[in-house]
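J.: Please find the sequence and the predicted model below.
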Amino acid sequence: MRASMFNVRVPLDGGDSGGDVFLMNTFTDAQLIVSRDVADLMDRIREDHVPQTDEEREALATLTEHGFIVRDREGERQKLEQYFRNIRHGHDQLRVTVLTTLQCNFACDYCFQGDHGDYNKFAAKMTLDTAARVVEWTRERFDTLRPETFVLTLFGGEPLLNLPVAYYLAEQLWKVSVDRGVRMHVNVITNGLLLTPEVVDRLAPYGLNAVKVTLDGDHDTHNRMRPLRGGQGTFDKIIENVRRVAGKCRISIGGNFDETSVDSYPALLDFLREQDFADQLARVAFKPVIREPRPEQPKGIIPLTAVSTSGKPLNGTCMTSAGGGTSICDQCNFLDEKMSFLREETKKRGFSTVDGVHMGPCEIHREHAHTIGPDGALYACPGFTGDPKLSTGHIDGRKEDWRAHAASRFEALAAWQECNDCAFIPVCAGGCSVAAHTELGNMNRPNCHKSSFEAGVVSLARDAARRETSTVN
Ligand code: SF4
Ligand code: SF4
């Protein structure tokens, strides 16, 4: 027997904790607070270990039951590989993200898509014909996979700029789901400007699950970062829209920060706390803005949109809000220290947020999670829609070698295999492949933000210690 490679520990020194240690196993997700003696016992464990006392035998039984002690490293590695195979091929859930349009009504400071120049004039928009083919394609997937759950995420660009397609997809796919006894959920990722009670009422009967709205800081900061083309602010309108729909559906607030805006987030959080809809916000979580690379740029930032060799944008999705619902995409490109700061500030104000540890594996590791571009091209995740060469297929079933080749590259993704014995592999899987592709030129290399996971565990440990103290008292 030996200690699991997926154990992480945080000493709960000082105060009431009396030298206890918080233990977490990222593979089994077990969390325990144990005495330092028990934590030390794990370090002494060898294959031929014989417990010396009843107390030690009992401690070892508990640690083994929760996966902190395993038979051997080889067996544990085999289980890890099986875990990733199960994730890749699992078909209980079919996830489809549809980019209804690449047009956007914002002219964000950090984005060269959207309402700048004549971008919107040429940006792709899904037609109702293509939407009908998306429904047919999904129907065929249902019949092949027989999933229990179907998650449709409407995304863009700004998805609400193409309401006919958004409504059509929700309505038609709902019918297909009901016919086959599949549970359907709809998520919408929107900038919030066109989010009205009418939109929510129209989507609600078709399994509307959550709407994610982006706020990039407090009133003034957001208006600077996310204005309309004429420079008009959008903050007040978005807040008003959220107020009108809160209570009708789950709303989560996402935000993008950079070095000029991060300090405004506590003021935004205070503002949100004071609103009458504060308790109806399902989640509040922030991540760094994704920018075009510049030589002086700090490590950890990838382009908003992939660019071709000529430096022109390739029509990709809006990476500032990639990911739907509880999607892993909130892990992309974070600046570790700032993320921890914002997470703690968010929790302090009583909002639910990401814990910084349970971040993955993201949907790129799932064979049955797809992103569909406005033209019907299939992608492995929203982050790769900027590069059509990496399309993995097409909803019309056309067979093309180059798409098959791209699909096989995604099928083989296993960046974690270069992560040696990192304890975070089960919840990280080697990091964001889009960031690795853009920053390192190889999607199958780890893109490591280990210090952020470590900070997340410290935060979980503090929460567990607080809970234990309040239970004891
Ligand atoms: S690879 Fe990156 S952008 Fe794509 S789903 Fe995973 S975390 Fe999100
Ligand atoms: S990318 Fe870093 S944190 Fe993630 S599994 Fe690999 S070594 Fe661990």
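T.: Okay, I see it. Ligands and ions are numbered 1, 2, ... in the order given.
J.: Every contact and neighbour count from this point should use C-alpha atoms.
T.: Fine.
J.: List the contacts of the closest residue to residue 245 other than its chain neighbours.
T.: Spatial nearest neighbour of residue 245, chain neighbours left out: residue 197 (5.3 Å); criterion: Cα to Cα, 6 or more residues apart in numbering. Residue 197 sits next to 244, 245, 248 when contact means Cα atoms under 8 Å, 6 or more residues apart in numbering.
J.: could I get the residues you listed as TSV with secondary structure and neighbour count?
T.: Output for the contacts of residue 197, formatted as TSV (DSSP: H, G, I helix; E, B strand; the rest coil; neighbours: other Cα atoms under 10 Å):
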residue	secondary structure	neighbour count
244	helix	14
245	helix	20
248	coil	14
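J.: export those to JSON lines and tack on pLDDT?
T.: Listed next are the contacts of residue 197 as JSON lines, based on pLDDT from 0 to 100:
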{"residue": "244", "pLDDT": "96"}
{"residue": "245", "pLDDT": "96"}
{"residue": "248", "pLDDT": "93"}
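J.: Looking at these, which is nearest residue 171?
T.: residue 248 (18.3 Å; Cα to Cα).
J.: How about that closest one: what's its closest non-neighbour residue?
T.: Closest to residue 248 by Cα to Cα, 6+ apart is residue 200, at 7.2 Å.
J.: can you list the weak-confidence ranges in the stretch 351-473 of the chain?
T.: In the predicted model, the stretch 351-473 of the chain carries pLDDT under 70 at residues 471-473.
J.: So which residues of the stretch 151-300 of the chain form helices?
T.: 163-180, 197-203, 219-225, 235-245, 265-274 (DSSP state H, counting those that start in this stretch).
J.: right, and the helix or strand after the helix or strand of the chain with the lowest mean pLDDT?
T.: When each helix and strand of the chain is scored by mean pLDDT, DSSP states H and E, helix 119-122 comes last, with a mean of 74. Next helix or strand after helix 119-122 toward the C-terminus (DSSP states H and E): helix 128-145.
J.: Buried ones in that following helix, by neighbour count?
T.: The neighbour-count check on helix 128-145 (16 or more other Cα atoms under 10 Å) flags 128, 130, 131, 132, 134, 135, 136, 137, 138, 139, 142 as buried.
J.: Likewise for stretch 237-244?
T.: Result for stretch 237-244 [16+ other Cα under 10 Å]: buried residues 238, 239, 241, 242, 243.
J.: Off-centre distance for stretch 70-84?
T.: Relative to the chain's own centre, stretch 70-84 is displaced by 26 Å; criterion: Cα atoms, centre = their mean, to the nearest Å.
J.: make that stretch 437-456, sorry
T.: Averaging C-alpha positions (Cα atoms, centre = their mean) puts stretch 437-456 14 Å from its chain's average.
J.: end-to-end on that stretch?
T.: Stretch 437-456 has its terminal residues 25 Å apart, counting by Cα to Cα, to the nearest Å.
J.: Please work out which residues outside that stretch touch it.
T.: Residues contacting stretch 437-456 (Cα under 8 Å, 6+ apart): 302-303, 306, 334, 336-337, 339-340, 355-357, 413-416, 418-419, 424, 430-436.
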